[in-house]
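Visitor: Sequence and predicted structure, then a few things I'm wondering about:
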Amino acid sequence: MRSMLAQQDAVLAALDKTKDLVIITDLKHNIQYMNKSGSVILGYGAEDVINKPLAVFHQLCDIDQITKKLEKNIEWDGKVSWKCKSGEHVYLHCRASPFRSFGKETTNYIYIQESIVDVHGFPRGSVPSIRKGSYDLKSINSDGAQSARRQSLAKLHNLPLEAPITKVISLICTAQENSNDQVVQILDKVVDILRVTELYSSHLKTENIKYDDPVTSDLIGALITQGPVHVTSTRRSSNDSATVKSQPYGLGVAKMNFMTSVTPQIKELLDMSLYWDFNVFKLEELTMKRPLVHLGMNLLTHFEVHKTLGCDERTLHAWLTVIEGHYHAKNTYHNSTHAADVLQATAMFLEKDRIKRLLDQLDEACCLIAAITHDIDHPGKSSAFLCNSKNDLAILYNDISVLESHHAALTFKLTTKDERLNIFKGLEKDTYKVVRQNIIDMILATEMTKHFEHLAKFVSVCNKPSTLDEAPVDGLTPSEVSPETIMPTSAEEINLVKRMLIKCADVSNPTRPLKMCVEWAKRIAEEYFNQTDEEKLNHLPVVMPMFDRASCSIPKSQIGFMDYIINDMFETWDSFIDMPEMLYYMRSNYQYWKDLEEKGTISFNDICKIMTTTLPKIPESSGNH
């Protein structure tokens with residue numbers, strides 16, 4: 001008897017030293033013993049739990065099923081929830097087993113739950129880190145690996161908030177339980193990848209980078225580095241309608257037809273504003289570098305934006321005038337002509353059937369407004385230049401999304417400070433919040449540092465193949481649904497479409513008719529050259545050293561831009577909206593730049609010369625939709 005008591009004391013002493021939470025109950029599931037780890041983890045003393053029913057503290061998944069297994073001398077393994085003395089809950093992995101202290105009959109049930117904390121205060125370095133990166137599977141046996149996974153899983157279940165990524169990692173950890181070492185190692189790598197904060201921030205594959213092409217390296221490197229903080233937008237439910245204040249638009253103000261104030265030549269050109277070969281440079285010339293007001297009034301009234309927002313045309317015109325006035329005419333590229341070009345492309349995309357079915361009138365208004373304002377007050381220098389030169393804007397926005405943040409902020413500052421040009425004053429408060437967030441989200445999406453992230457998300461969500469168990473689309477049976485008829489449904493998916501829409505509109509230059517494409521290439525190169533000149537003059541880091549006006553290859557810069565940014569994005573966008581003329585011009589222009597490079601026609605002066613000698617005249621607009 002003394003020997004048995006000594007053994008019992010030794011066992012209890014050992015249990016008090018283990019990090020696992022151990023509970024022993026009688027056959028009626030009343031607690032008879034809890035070790036020190038249990039007291040530390042749950043906060044209870046022995047007097048709180050002894051002779052109390054286990055169910056008071058231990059919330060099992062299906063207690064009847066568990067007790068039946070134990071009564072049949074079968075072990076149970078699964079997840080359980082303990083209620084702590086503080087009122088919080090701790091999720092642990094539990095193994096419940098019948099126990100015979102003497103004889104053949106079960107005398108007790110033992111619940112062993114693996115601890116998620118080191119209750120004895122061991123140094124962190126004394127044990128392998130659990131799921132903090134990949135632990136070395138060779139350094140622990142398979143039982144140890146399973147224990148580590150169970151502890152990691154318990155940590156995930158114990159989080160007070162549950163995110164989708166938590167569910168994913170929990171499922172992976174569960175899958176590892178019964179997997180062989182090779183699969184476990186692969187899944188460990190998967191978990192490590194999932195732990196990064198920006199899953200869709202793609203990186204160029206190194207084998208695809210042409211290291212012998214420094215122009216491409218400079219351009220792409222400058223465009224896709226220094227990523228901004230991710231911003232998401234909200235969108236009202238599809239069942240909600242846009243809400244304007246009770247007064248009708250134009251109340252007390254006679255409707256004004258501003259088309260009467262334009263020349264017949266401008267009016268004739270604007271009649272072609274919904275064709276892809278629309279000549280924005282001709283409009284720039286006819287309006288004396290004020291194309292945005294004219295094209296803006298034409299397209300905003302076409303989409304009835306003033307009615308959607310609950311404002312009159314006078315306010316719309318005043319707003320456009322102020323917005324265009326804050327674009328810098330001295331910039332060779334980022335001026336109001338570029339804004340007009342992006343607006344025109346946006347309007348073209350909004351006219352496509354699939355986009356019409358997807359977006360409502362308030363969405364359309366947000367897209368058009370974002371296009372108009374997306375580069376307002378652009379200084380003609382990149383965000384990197386502003387950061388390197390310690391510009392006030394870079395300091396204000398902490399070197400993060402400097403230009404795009406400024407464009408969005410200035411848009412709303414100018415719009416709301418004066419009632420005479422506040423196009424949002426007719427909106428109800430909640431509707432205005434939706435409009436504001438959507439416009440900001442689209443403007444921020446134009447920052448090229450997030451290009452691959454936006455593209456990857458769009459491809460993964462909006463071009464997904466259909467499955468038989470999907471709901472019918474527009475009355476079609478599942479068998480009739482093709483990838484082309486699958487429509488995004490959630491607010492976030494629709495936001496992805498709007499981001500891709502404005503991104504494509506913003507960089508559509510290489511997909512325009514040849515002479516327009518070349519003119520835009522000349523203008524952006526000139527702006528980059530000016531930045532390089534100023535960087536050298538002020539002894540600043542040169543962001544794109546190969547963009548030196550004396551040596552830069554314009555064809556190489558365009559080929560690189562199309563290879564890494566344009567081609568894949570527009571192929572994807574065309575598969576979504578069905579606009580083949582974009583791809584026709586894109587492929588034709590790409591070959592044109594290839595031919596120029598092979599001929600050695602590469603300098604800025606060469607490009608300026610061919611603009612006046614060999615290129616065909618830009619058509620007034622051929623009517624090519």
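Guide: The structure has been received and is ready for your questions. Residues are numbered from 1 along each chain as shown.
Visitor: okay, now residue 505: neighbour count?
Guide: Residue 505 has 25 neighbouring residues, counting by other CB atoms under 10 Å. (C-beta placed from N, C-alpha, C; glycine too.)
Visitor: Double-check that it belongs to a strand.
Guide: No: counting by DSSP: H, G, I helix; E, B strand; the rest coil, one finds residue 505 to be helix, located in no strand.
Visitor: Which residues are in contact with it?
Guide: Applying CB atoms under 8 Å, 6 or more residues apart in numbering, we find residue 505 in contact with 342, 343, 345, 346, 349, 371.
Visitor: Show me just the buried residues among those residues.
Guide: Among those, those buried by neighbour count (16 or more other CB atoms under 10 Å) are 342, 343, 345, 346, 349, 371.
Visitor: ok, now which ones touch the last one?
Guide: Going back to what we said before, that points to residue 371. 339, 342, 343, 345, 346, 502, 505.
Visitor: so the first one is in which element?
Guide: Residue 339 is part of helix 336-350, with elements assigned from DSSP states H and E.
Visitor: so can I have a markdown table of the contacts of residue 505 showing distance to residue 65 and pLDDT?
Guide: A markdown table is the format used below for those (distance: CB to CB, whole Å; pLDDT from 0 to 100):
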| residue | distance to residue 65 | pLDDT |
| --- | --- | --- |
| 342 | 62 | 99 |
| 343 | 64 | 99 |
| 345 | 62 | 99 |
| 346 | 59 | 99 |
| 349 | 57 | 99 |
| 371 | 60 | 99 |
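Visitor: and of these, the nearest to residue 70?
Guide: Using CB to CB, residue 349 comes nearest to residue 70 of the contacts of residue 505, at 64.3 Å.
Visitor: burial count for the residue nearest to that closest one when sequence neighbours are not counted?
Guide: Spatial nearest neighbour of residue 349, chain neighbours left out: residue 501 (5.1 Å); criterion: CB to CB, 6 or more residues apart in numbering. Using other CB under 10 Å, residue 501 has 28 neighbouring residues.
Visitor: Same question for residue 172.
Guide: The burial count for residue 172: 18, using other CB under 10 Å.
Visitor: Okay, it and residue 183: tell me how far apart.
Guide: Distance, residue 172 to residue 183, using CB to CB, to the nearest Å: 11 Å.
Visitor: follow-up on the earlier one: could you provide the contacts of residue 371 in TSV, with additional columns for distance to residue 566?
Guide: Shown next, in TSV, are the contacts of residue 371 (distance: CB to CB, whole Å):
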residue	distance to residue 566
339	20
342	15
343	20
345	13
346	17
502	15
505	13
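Visitor: Of all pairs in the residues you listed, which one is the farthest apart?
Guide: Farthest apart among the contacts of residue 371 by CB to CB are 339 and 502. That separation is 11.8 Å.
Visitor: Now the common contact residues for the two.
Guide: Going by CB under 8 Å, 6+ apart, residues that sit against residue 339 and also against residue 502 are 371, 374.
Visitor: excluding its backbone neighbours, what's nearest residue 45?
Guide: Closest to residue 45 by CB to CB, 6+ apart is residue 39, at 6.3 Å.
Visitor: ok, residues contacting the one helix or strand the one you found maps to?
Guide: Per DSSP H and E: residue 39 is located in helix 36-42. Residues from elsewhere that reach helix 36-42 (CB under 8 Å, 6+ apart): 16-23, 44-46, 57, 82-85, 90, 115, 117, 119.
Visitor: Pull out the buried positions in whatever helix or strand comes next after that helix.
Guide: Toward the C-terminus, helix 36-42 is succeeded by helix 46-49 as the next helix or strand (DSSP H and E). Neighbour-count burial for helix 46-49 flags residue 49 (criterion: 16+ other CB under 10 Å).
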